[in-house]
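generate a structure from the sequence data that follows.
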Amino acid sequence: MPKNTEIERKFLVKSDAFMAQATHHYEIVQGYLCKEPGKTIRVRIRDARAFLTIKSGKLREGLAKFEWEREIEVNDARELMKLCLPGVISKTRYIIPAPVFEGETRCWEVDVFHSGTMAGKALAELELGNENEPFEHPDWLGDEVTGLPQYYNANM
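Purely as a prediction, here's the structure:
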């Protein structure tokens with residue numbers, strides 16, 4: 001997969017059974033400096049670390065998107081949060097190992113939202129090496145919402 005490319009599938013979560021499978025979790029607060037069709041610029045504080053991320057729309061037909069992310073100082077992130085558009089998101093992310101095709105292991109990231117339009121609900125994401133990579137569907141996984149704009153964090 002080319003550098004700075006993200007291929008992910010996104011699903012609703014139908015039960016909290018994923019929590020028993022989680023290896024760890026952390027708190028996230030994120031805001032958006034830019035939310036335009038085809039691009040976002042996000043500031044995220046995850047526990048004691050912070051990141052600046054630029055994402056684009058699709059690189060080509062399919063699921064691949066451009067994603068550039070760099071770690072920044074937490075104090076800088078706090079200052080940037082003051083410049084963010086309304087609608088800062090607060091969530092807890094749970095990490096669940098996911099066995100995938102040919103013995104390669106990936107991890108489900110399940111976000112339980114504490115704010116925004118998804119408050120009290122959860123979404124699961126799985127980043128893949130390619131668009132056709134098969135993966136197991138755990139029992140707690142609900143309907144797929146990949147590509148539906150209402151489930152992009154920037155729109156919550």
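
where does Gly103 land on pLDDT?
For Gly103, the pLDDT comes out at 67.

nearest residue to the middle of the chain?
Glu125 (6.3 Å; C-alpha atoms, centre = their mean).

enumerate the beta-bridge partners assigned to that one.
In this entry, Glu125 is beta-bridged to Lys10, Glu109, by DSSP bridges.

residues touching it, list them.
8-11, 108-111 (C-beta atoms under 8 Å, 6 or more residues apart in numbering). C-beta: built from backbone N, CA, C; applies to glycine.

show me which of those are buried.
9-11, 108-111 (16 or more other C-beta atoms under 10 Å).

what's around the closest residue to Asp47 other than its chain neighbours, how many residues?
Nearest non-adjacent residue to Asp47, counting by C-beta to C-beta, 6 or more residues apart in numbering: Tyr26, 4.7 Å away. Burial of Tyr26 is recorded as 13 neighbouring residues (other C-beta atoms under 10 Å).

before we move on, what about Ser15?
12.

from Pro86, how far off is the residue lying closest to Asp139 once chain neighbours are set aside?
Closest residue to Asp139 apart from its sequence neighbours, by C-beta to C-beta, 6+ apart: Ala17 at 6.3 Å. Distance of Ala17 to Pro86, computed by C-beta to C-beta, to the nearest Å: 34 Å.

the two: which is more packed in?
Neighbours were counted for Ala17 and for Pro86 using other C-beta under 10 Å; Ala17 has more, 12 against 6.

need the three-state assignment for that one.
Three-state assignment for Ala17 (DSSP: H, G, I helix; E, B strand; the rest coil): helix.

surely Arg106 and Phe135 touch.
Yes: here Arg106 lies in contact with Phe135, judged by C-beta atoms under 8 Å, at a distance of 7.1 Å.

can I get stretch 105-115 in CSV? Just the C-alpha atoms.
Below are the C-alpha coordinates for stretch 105-115, written out as CSV (Å, rounded to 0.1, in the frame of the first residue of the first chain):
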residue,chain,number,x,y,z
THR,A,105,-3.1,-9.7,12.5
ARG,A,106,-4.9,-6.4,12.5
CYS,A,107,-6.8,-4.6,15.2
TRP,A,108,-10.4,-3.4,15.4
GLU,A,109,-10.7,0.1,16.8
VAL,A,110,-14.1,0.6,18.5
ASP,A,111,-15.0,4.1,19.4
VAL,A,112,-17.6,4.8,22.0
PHE,A,113,-18.7,8.4,21.6
HIS,A,114,-19.4,10.7,24.6
SER,A,115,-20.4,13.8,22.5
